[in-house]
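> Let me see the structure of the following:
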Amino acid sequence: MPTPEHFLFIPGVLLVGIVVGWIMGGKAARERLAEKQKRARE
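Predicted structure coming up:
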């Protein structure tokens, strides 16, 4: 039987994971875009 803490802890952990993934994915996308622009200039 889940305790009341699970109703806060589990969504909290999921939210942290989404935020970390969003930040890392955005960084990877910016790096890829910069690399593509650098190749286009050459």
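> residues of stretch 18-27 that come out buried?
For stretch 18-27, burial by neighbour count (16 or more other CB atoms under 10 Å) applies to no residue. Just so you know, the C-beta spots here come from the backbone N, C-alpha and C atoms, and that holds for glycine as well.
> tell me the mean pLDDT over it?
For stretch 18-27, mean pLDDT rounds to 97.
> So what's the residue count around residue 38?
9 (other CB atoms under 10 Å).
> Now do the strands in this structure.
Remark: strands of the chain are absent; assignment by DSSP state E.
> Tell me which residue is most central in it.
residue 21 (1.6 Å; CA atoms, centre = their mean).
> if I look at that residue, how far off is residue 12?
15 Å (CB to CB, to the nearest Å).
> Please name the residues that touch the residue nearest to the centre of the chain.
Neighbour list for residue 21: empty [criterion: CB atoms under 8 Å, 6 or more residues apart in numbering].
> Now do residue 4: how many residues are near it, please.
7.
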